[in-house]
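Undergrad: coords below, sequence missing:
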């Protein structure tokens, strides 16, 4: 309640982008929650100091924006071992693909080298994973120039390298499960259709009619 205007505005922006031929790629967020059934919100409101934030209980119909909207490619983050990071959001039916985001819990050098104000630096997060996925989508757009956003989304899903659910998910080594991966190898809550693959995006796949190279 009270956030309907925000929801409508973001949905209209996504719909407009799709209508203009632009694919929207969004981060799964760094709260480590199940986006398909978010029970609590740990990061709102985002306009007050961290120490004043409180845990907010969410209803079953709550949507994480813009990741939960139709037509949006939602990206989870993996570390150098191709495992979902502890902070990355997840959710069966929400996550489309995974991409490198780095994991500061392991080592700051594991974070992604990126442009930051004033130059370059290493940052970890799903916001680091999104540019990887967007870059692969751009490669697919270059080899399939007449594709619509919906077609590009299918191509992005098709080129991904499937990653199976882990048998045991305890990245913080606390002895407790930090998330539950549902689904199967080719499509699951942690990785969606799998890890984006730039090389696969520019190579023809004779077994997959979605991915012929057309110029």
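TA: Here it is on my side, so go on. These numbers were taken from a predicted model, which means no experiment stands behind them.
Undergrad: when you work out contacts or count neighbours from here on, use the C-alpha atoms and nothing else.
TA: Noted.
Undergrad: how about the longest helix belonging to the chain: buried residues?
TA: When the chain is scanned for its longest helix (criterion: DSSP state H), the result is helix 126-143. For helix 126-143, the buried set under the neighbour-count rule, 16 or more other CA atoms under 10 Å, comprises 126-134, 136-143.
Undergrad: with stretch 180-194 instead?
TA: Counting neighbours by 16+ other CA under 10 Å, one finds that the buried residues in stretch 180-194 are 181, 183, 187-194.
Undergrad: next, the distance between the ends of it.
TA: Across its full length, stretch 180-194 reaches 17 Å between end residues, using CA to CA, to the nearest Å.
Undergrad: run through who's touching that stretch.
TA: For stretch 180-194, contacts defined as CA atoms under 8 Å, 6 or more residues apart in numbering pick out 76, 84, 90-98, 157-158, 160-166, 169.
Undergrad: filter the residues you listed down to the buried ones.
TA: Using 16+ other CA under 10 Å as the burial test, the contacts of stretch 180-194 include 76, 84, 90-92, 94-98, 157-158, 160-165, 169 as buried.
Undergrad: in helices only, show me those residues.
TA: In helices, judged by DSSP H, the following of the buried ones among the contacts of stretch 180-194 are found: 157-158.
Undergrad: residue ranges for the strands of this protein, please.
TA: Remark: strands of the chain, listed N- to C-terminal, are 24-27, 40-41, 56-57, 72-78, 97-100, 112-116, 119-123, 183-184, 187-188; assignment by DSSP state E.
Undergrad: let's have those in TSV, adding distance to residue 10.
TA: Listed next are those as TSV, based on distance: least, CA to CA, whole Å:
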stretch	distance to residue 10
strand 24-27	11
strand 40-41	19
strand 56-57	21
strand 72-78	11
strand 97-100	21
strand 112-116	26
strand 119-123	26
strand 183-184	29
strand 187-188	26
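Undergrad: can I get those in JSON lines with mean pLDDT?
TA: Rendered in JSON lines, the data for those read as follows (pLDDT from 0 to 100):
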{"stretch": "strand 24-27", "mean pLDDT": "97"}
{"stretch": "strand 40-41", "mean pLDDT": "74"}
{"stretch": "strand 56-57", "mean pLDDT": "74"}
{"stretch": "strand 72-78", "mean pLDDT": "97"}
{"stretch": "strand 97-100", "mean pLDDT": "98"}
{"stretch": "strand 112-116", "mean pLDDT": "89"}
{"stretch": "strand 119-123", "mean pLDDT": "92"}
{"stretch": "strand 183-184", "mean pLDDT": "94"}
{"stretch": "strand 187-188", "mean pLDDT": "96"}
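Undergrad: out of those, which comes closest to residue 198?
TA: Of all the strands of the chain, the one in closest proximity to residue 198, counting by CA to CA, is strand 97-100 (10.7 Å).
Undergrad: and that closest one, how far out from the chain middle?
TA: Once both centres are worked out by CA atoms, centre = their mean, to the nearest Å, strand 97-100 turns out to sit 6 Å from its chain's centre.
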